[in-house]
Structures are given as structure tokens and as C-alpha cells.
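Novice: what follows is a predicted structure for the sequence shown.
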Amino acid sequence: MIRLRNLVKTFSTPKGTERALDGVSLEIAWGEMFGIIGRSGAGKTTLLRTINLLERPEQGSVEVDGRELTRLGESELASARRHIGMVFQNFGLLSRRTVAGNVALPLELAGYPRSEILPRVRSLLARVGLKDKEEAWPSQLSGGQKQRVGIARALATAPKLLLCDEATSALDPETTKQILELLRQLNEELGLTIVFVTHEGDVVRRLADRVAVMEGGRVVEQGRVFDIFSSPRSRTARSFAAELSATPVPEALRFEAQSQPGVGAATLITLAVPGEPSREALVSALVRRFELNVDVVAGRIEHIQGQSWGSLSLLASGAPERIGAAIHFLRERHIGVEVLGHVGRDA
């Protein structure tokens, strides 16, 4: 179990002291795939780096596998960190070392016998699909291959816990999919606990069992991925849910919606709905209750953790106060709503 209790971390900025973490508490079970999501500046990377004390909190405690890391001396902390691997956004490979040399580095620093290092390195490279790249240099690798080397290096000392800081944000979509599949495979085959930071809702949807949503240095909600995205309570979660469920609105309509001031126009909104949405029931409720004219523009069904999650894009026209009331009505029923903008009624 990983227990984070009331973590506080501040940084000095030109504008004064900023609280990157403001009383954060979390519990993460062994074997979980746990995501930390938020917009830039939310504190998610700082939170991740407190787990291995790369960022030491000013207040609070960090407990990993029954050991409170914040109370350990330097040598004890160094020993504890060998059971915590870390994968970085920018790969962090040493350009003057070969692939094998990069993976071997943690083993050398930990004092492993030379006779054990090369077999271990070769085994790890085979596991991440790079057994033919042992003597290659980082400059000869693609982004996806570099990240695989980073993962192999993080696994060198057989950690129980893997921390991933935006591990796929520098990769193209297909490579991202491959890296996520590799991480899921490592979780299942090794029983590896993985805690990862991302600003991409689709990464959380594909990888996480549970997720914590951060705003302004605080965890504003946490829980199962399906529950968070299908019934978002925070502004950030609603935004990610809307992005994830974005329906294929015609590009010309989306462009007009984003450029219209909204006076005397129809409102283009997307809805994220738990389960498979009934278009007729939703549209009927908005028409009857709020006297709106509503057209369905687009819709689709996603699947998260084996459960259905639907989305609709609607064009609604009527009195502005009635549209506002309708949006409030939908959010009260745990339907994620994003207003894309406004268009002319004849669009």
C-alpha cells in the first residue's frame, strides 16, 4: 500500500510562494494502475515525485510498503528507492552510453556483480521488445524505442512500484498505444504497481484502474475511471470527460461555434452520458421542460472498464436563461456538459 497523508509542497516564484501541493492525501493499493490527471500547473508531477521523495514535502508523510520514507536517512532512502522505478517524459537516456549501458546503470550504482549485469540487461531488453538494440546508441532510436529503454532501465533493480511522468506525451498515437500495452502487460505479468501522470484523458481511459483529478495543488475527486468520467463533479473532470467523448461534429459547424459571440444564436453542446444514451429521452426532456428547439448533431458510444459511456452533440436554441437552466439540469443528473459555442440557427 502507498499512503500519502496531508502533503504540502511550496515553491518560490517571481510572484511569491506557490503551493504546488495543498494537503493532498491518497491511498494506492499494490497491483493497481493509478492515474493522476490534471491541467498544466495542477501539481500532478510534483505529487508523483513526492512518492520517491525526489520532491520532499514540507508537511505530511509518504509511506510505501509500510515504510515512512520521510523519516528515513539518506542511505535508507537510497535503498528504498531501488524498489521504485521511474520513467520520464523526455526519456532521460545518457547519449554517451549504449542502450545496454543505459539499462545497466542502475545495476552498477546498486553494486550488482558484473557477472549478473549483462544477463539482466539482456533479459530486460527482450521483455520490452529491444533485444536487437543492445549496442545501439540513443541517437539511433525512435521516440518509442527510447521510451522502451527508459522502461527497461526503470525495471533494472526489480522494483515493486513504477512511476511514470507523462511517459507517452512525446509520442505519436500509434507508439503511445504500444507503450500503454507494454505497461499493462508489465502490470499483469509482474504484478507491478504503476502510478502515472498524464494530461490525456485517453491514456487514463486505456490504462488506469483508478484516477485522481487535481486542481490547484489539491485532489478534487478520485475513484474508478468509469465513475469519474461518466459522472464528473469537478470542472477539470468534466473537461476531460467532454474531450474524451467528443463526437464527430462537422468541422465547419465546430469552427462557426467557436467564432460566434452567441447573440441570437443556437448553442452547440456536447453531453457525456453514463450508459448508452437515449437520444429521444434526452431531447424530449430538454424540449418539454425548457421549451427549447433541439437538434442532434452527432453521437457515439465509448467503453471504459467494460462499461458503456455515450456522448451526444446537440444544437439547442431558445431563451439564454432557459439554455442555462437546461445545462444546470443535465449536470445535476451527472451528465458531463461542454458548451462548444454558438451558431446561426440555419447552420
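Specialist: Cool, the structure landed.

Novice: all helices for the stretch 51-200 of the chain, in order.
Specialist: 74-81, 99-109, 114-127, 143-154, 173-190 (DSSP state H, counting those that start in this stretch).

Novice: tabulate those helices (TSV), appending mean neighbour count and mean pLDDT.
Specialist: Glycine gets a C-beta too; all of them are placed from N, C-alpha and C. TSV is the format used below for the helices of the stretch 51-200 of the chain (neighbours: other Cβ atoms under 10 Å; pLDDT from 0 to 100):
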stretch	mean neighbour count	mean pLDDT
helix 74-81	13	90
helix 99-109	20	95
helix 114-127	15	95
helix 143-154	23	95
helix 173-190	16	93
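
Novice: just so I know, which of those helices lies nearest residue 342?
Specialist: With Cβ to Cβ, the closest approach to residue 342 among the helices of the stretch 51-200 of the chain belongs to helix 173-190: 31.0 Å.

Novice: and that closest one, how far from the chain's centre?
Specialist: How far helix 173-190 lies from its chain's middle: 14 Å, per Cα atoms, centre = their mean, to the nearest Å.

Novice: what does it rub up against?
Specialist: Contact with helix 173-190 is made by 31, 33, 127-129, 142-144, 147-148, 151, 155, 162, 164, 167-168, 171, 192-194, 196, 203, 206-207, as judged by Cβ atoms under 8 Å, 6 or more residues apart in numbering.

Novice: before we move on, the earlier item: save the helices of the stretch 51-200 of the chain as CSV, and put in distance to residue 292 too.
Specialist: Formatted as CSV, the helices of the stretch 51-200 of the chain follow (distance: least, Cβ to Cβ, whole Å):
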stretch, distance to residue 292
helix 74-81, 58
helix 99-109, 59
helix 114-127, 56
helix 143-154, 47
helix 173-190, 37
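
Novice: residue 91: which of these is closest?
Specialist: The closest of the helices of the stretch 51-200 of the chain to residue 91 is helix 143-154. By Cβ to Cβ, the value is 4.2 Å.

Novice: are any of the contacts of helix 173-190 buried, and which?
Specialist: Taking 16 or more other Cβ atoms under 10 Å as the criterion, what is buried in the contacts of helix 173-190 is 33, 127-128, 144, 147-148, 151, 155, 162, 164, 167-168, 171, 192-194, 196, 203, 206-207.

Novice: looking at these, which are in strands?
Specialist: 33, 162, 164, 193, 194, 196 (DSSP state E).

Novice: which residues touch the first one?
Specialist: Shown here is residue 33, whose contacts under the criterion Cβ under 8 Å, 6+ apart are 183, 184, 187, 194, 196, 207, 208, 209.

Novice: dig out what it forms beta bridges with.
Specialist: Per DSSP bridges, the residues bridged to residue 33 are residue 194.

Novice: for residue 185, see how far away it is.
Specialist: Distance, residue 33 to residue 185, by Cβ to Cβ, to the nearest Å: 11 Å.

Novice: what's around residue 59, how many residues?
Specialist: 13 (other Cβ atoms under 10 Å).
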